[in-house]
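Novice: Structure, please.
(chains A and B)
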Amino acid sequence: MRTYFRLQLKRVWKRLPLLLLSVTVLTGSLLLLLGALLRSDAQGEEKTRVRIAVVGNSEESYMEIGLVALESIDNSRFALDVSPMSEAEAEAALKKREISAYVIFPDGFIQDAMNGKVKPLSYVTYGGAGGLTALFEREITEVISDFALYSQKGTYGSSSALRETGYPGNLSERMNEISLRYVSLILNRPDWYAVTELGISDSLGFASSLGCGFAVFFLFLMTLPFALLFGRGEDSLGRVLAAKGFGDVRRTLADCGALLTGLFSVVLLLGGLVWCAGIFFEDTLSFLPSGSELFLLILRTLPVLAVVAAFGLMVFSSAGHAVGGILLHFLLSLILAYVSGCLYPAYALPEGVQILAEFLPTGIARSYFAACITGNSTLLSGGCLLVYGAGFFAVTVLLRRARRKGRG
Amino acid sequence: MRIELENIKKSFRKKEVLKGISLSAESGTCIGILGGNGSGKSTLLSILAGVQPCDEGRFLCDGRDLLRDTALRGRAVGYVPQGTPLMEELTAKDNLSLWYSKDAMERELENGVLRMLGVDRFLKTTVSKMSGGMKKRLSIGCAVAKRPPILLLDEPSAALDLECKENIAQYLTLYKQGGGILLLATHDAAELALCDQWYILKDGLSLSYQYDGNVERLVKSL
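Specialist: Numbers count the residues shown, from 1 in each chain, chains lettered A, B, ... in the order given. Below you'll find the model as predicted:
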């Protein structure tokens, strides 16, 4: 078995130069794509500033403070662009989609708020049925409600009470301070980001989540050049080996080991290239992990590679010939990757498919990578991957045995 | 040494391919297995090699059933299937290393079976760059690595040139003269001439046949 493994490994290695070349091109493209995604994501954040018009007496001092506070809510990503307008102007702007909504502050709103009374605000929007804009609008509406109605009501009510009881000194200044502190401590909370990106993947950003998905798809495709080595062309050799008592289990184990070792060496080499690229293009590829983190990440690809190797062997063993094996493998990988949200966010797919995605090997592999990055436990996903690997291995053995015992 | 095939039966689903094959041979004998396409020649050889199980029957070698005694079968039986049981990307030497120890390979290359088959001349050639004849000679070289006394060959000369056929025939003659037992599934007239006994597989049964060089008569019998 050792000699067979060594020879299979030699065969795998013989295919590595070609594989490395294609993989390097693919990795380069992937890195550029990720870089571009991250940049567009950052630019997109700028573009996602939601413009809101405020209709009402904006020159009133408390209103002015309120507007400044609103504009500073979460100043990195979802900051509001608040513009005072007349109702006619706001309506026209909304129709032209220059603003996302406008808020009408009723007459005497501030005065009533200072007296502890609530006069409801009116929100006017074009009300998209779904999508992120609608989500933002709902979020913003809630924020404004929270901010203006509940918190400020209490703050201004307290202020009135203090005035009535003759509280001396810099009351207005203190009020402003309380308001701004509220904005910075409560509304501008760090988990805002996670809330808006829920449904993409395990608290990972869009680009990172997609990066994990692409990596899984990419690893699955890496076995394609080995179709000839493990396909039906090997039937004769398998027969002779079986005749000499080297059975299907041992043979598949050696094949799987050789393929896994080959894939891991490719990943290791790629990791080295990525690390070098990270050093030379520090600015563009600043999102890459450091050397030791990268090495750890490479080591942690092993469970995924085990599944990839076993899956590749299974598909190649089931296909009629090498070309069929390559096509079948590519199609299956593509379908699995797409359905499990590796190529497109899973939340955009029907609910049933989303549930299914969590149980597919590609979906589990993506979650595993995500957990590796976020530092969450990889025990469950890693375990599931190994179970899948064992399953694919068993099917490969059965397929090979059935074929060997077939006619001819 | 004596081998006996006793009532070998094999079915694929409902199709009974071998309905009870029986034959026997002594040391230094070559048995030609003849038959049309799909008659079960390859199936019979792969059963004897242990590649696939039979439904019933025994393959006795001096009274020991090789179908059950896998360790003995591994030592006693060499098998060359129809395809190329070689690793295409590797050299002849690499392929031989799967079956030979380093010392044994050197010995056989120097003055043994590998020299006889001419494998020493293309030892460093990659299999994918070899001709059909070279591949077949290498396959035979691999199959006889442990000097098995029984050699099963499935159409060894198919699609080979005359020179190569001659080379293989010479080796098989020597193998037979050395006391080995050959079971040859073949359509080739030259190989048929090597044989001492002939059996035609027809309708799942083996019929003894006396080949006299008349191919026309043989074709009619198949």
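Novice: In terms of helices and strands, where is the closest residue to A:Leu336 other than its chain neighbours?
Specialist: Of all residues not flanking A:Leu336 in the chain, A:Thr362 sits nearest, at 4.3 Å (C-beta to C-beta, 6 or more residues apart in numbering or on different chains). Every residue, glycine included, has its C-beta placed from N, CA and C. For A:Thr362, the element it lies in under DSSP states H and E is helix A:361-374.
Novice: Name the residues that touch that helix?
Specialist: Identification of contacts with helix A:361-374 by C-beta atoms under 8 Å, 6 or more residues apart in numbering or on different chains yields A:201-204, A:208-209, A:212-213, A:215-217, A:219-220, A:297, A:300, A:303-304, A:307, A:311, A:333, A:336-337, A:339-342, A:346, A:356-358, A:376-378, A:381-382, A:384-385, A:388.
Novice: now, which of these lie within strands?
Specialist: Within the contacts of helix A:361-374, no residue falls in strands by DSSP state E.
Novice: Buried only: go through the residues you listed for me.
Specialist: A:201-204, A:208-209, A:212-213, A:215-217, A:219-220, A:297, A:300, A:303-304, A:307, A:311, A:333, A:336-337, A:339-342, A:346, A:357, A:378, A:381-382, A:384-385, A:388 (16 or more other C-beta atoms under 10 Å in any protein chain shown).
Novice: Using PDB, list the CA coordinates for the helix holding A:Thr362.
Specialist: Extracted in PDB, the C-alpha atoms of helix A:361-374 (Å, rounded to 0.1, in the frame of the first residue of the first chain):
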ATOM      1  CA  PRO A 361     -21.200  19.800   2.100                       C
ATOM      2  CA  THR A 362     -20.500  23.200   0.400                       C
ATOM      3  CA  GLY A 363     -22.700  25.000   2.900                       C
ATOM      4  CA  ILE A 364     -21.100  23.300   5.800                       C
ATOM      5  CA  ALA A 365     -17.700  24.000   4.400                       C
ATOM      6  CA  ARG A 366     -18.600  27.700   4.000                       C
ATOM      7  CA  SER A 367     -19.800  27.900   7.600                       C
ATOM      8  CA  TYR A 368     -16.600  26.100   8.700                       C
ATOM      9  CA  PHE A 369     -14.500  28.700   7.000                       C
ATOM     10  CA  ALA A 370     -16.600  31.500   8.400                       C
ATOM     11  CA  ALA A 371     -16.200  30.100  11.900                       C
ATOM     12  CA  CYS A 372     -12.500  29.900  11.300                       C
ATOM     13  CA  ILE A 373     -12.400  33.600  10.500                       C
ATOM     14  CA  THR A 374     -14.700  34.800  13.200                       C
END
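Novice: What residues sit buried inside it?
Specialist: Buried residues in helix A:361-374, counting neighbours by 16+ other C-beta under 10 Å, are found at A:361-373.
Novice: Ok, stretch A:15-24 next?
Specialist: Buried residues in stretch A:15-24 (16+ other C-beta under 10 Å): A:19-20, A:23.
Novice: Name the nearest of those relative to A:Asp235.
Specialist: A:Leu19 (23.9 Å; C-beta to C-beta).
Novice: need the contact list for that closest one.
Specialist: Here A:Leu19 is in contact with A:222, A:225, A:266 (C-beta under 8 Å, 6+ apart).
Novice: In terms of distance to chain B, which of those residues ranks first?
Specialist: Of all the contacts of A:Leu19, chain B sits closest to A:Pro225, with 11.6 Å by C-beta to the nearest C-beta.
Novice: I'd like the contacts of A:Leu19 laid out as JSON lines, including pLDDT and neighbour count.
Specialist: Formatted as JSON lines, those follow (pLDDT from 0 to 100; neighbours: other C-beta atoms under 10 Å in any protein chain shown):
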{"residue": "A:Met222", "pLDDT": "85", "neighbour count": "24"}
{"residue": "A:Pro225", "pLDDT": "83", "neighbour count": "18"}
{"residue": "A:Val266", "pLDDT": "86", "neighbour count": "20"}
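Novice: Which of those fall within helices?
Specialist: A:Val266 (DSSP state H).
Novice: Dump the contacts of A:Leu19 to a markdown table, plus distance to A:Asp235.
Specialist: Formatted as a markdown table, the contacts of A:Leu19 follow (distance: C-beta to C-beta, whole Å):
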| residue | distance to A:Asp235 |
| --- | --- |
| A:Met222 | 24 |
| A:Pro225 | 20 |
| A:Val266 | 27 |
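Novice: Between the contacts of A:Leu19, which sits nearest B:Leu117?
Specialist: Closest to B:Leu117, out of all of these and judged by C-beta to C-beta, is A:Pro225, at 32.8 Å.
Novice: who touches the closest one in this structure?
Specialist: A:15, A:18-19, A:22.
Novice: Also B:Leu123?
Specialist: Neighbours of B:Leu123 in contact, by C-beta under 8 Å, 6+ apart: B:91-93, B:96, B:109.
Novice: which ones are touching the residue nearest the centre of chain B?
Specialist: With distances taken as C-alpha atoms, centre = their mean, B:Leu153 lies nearest the centre of chain B, 1.6 Å away. B:Leu153 makes contact with B:45, B:80, B:140, B:172, B:182-186, according to C-beta under 8 Å, 6+ apart.
Novice: Could you export these to TSV, including columns for neighbour count and secondary structure?
Specialist: Listed next are the contacts of B:Leu153 as TSV, based on neighbours: other C-beta atoms under 10 Å in any protein chain shown; DSSP: H, G, I helix; E, B strand; the rest coil:
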residue	neighbour count	secondary structure
B:Leu45	24	helix
B:Val80	27	strand
B:Ile140	24	helix
B:Leu172	22	helix
B:Leu182	24	strand
B:Leu183	28	strand
B:Leu184	26	strand
B:Ala185	25	strand
B:Thr186	22	coil
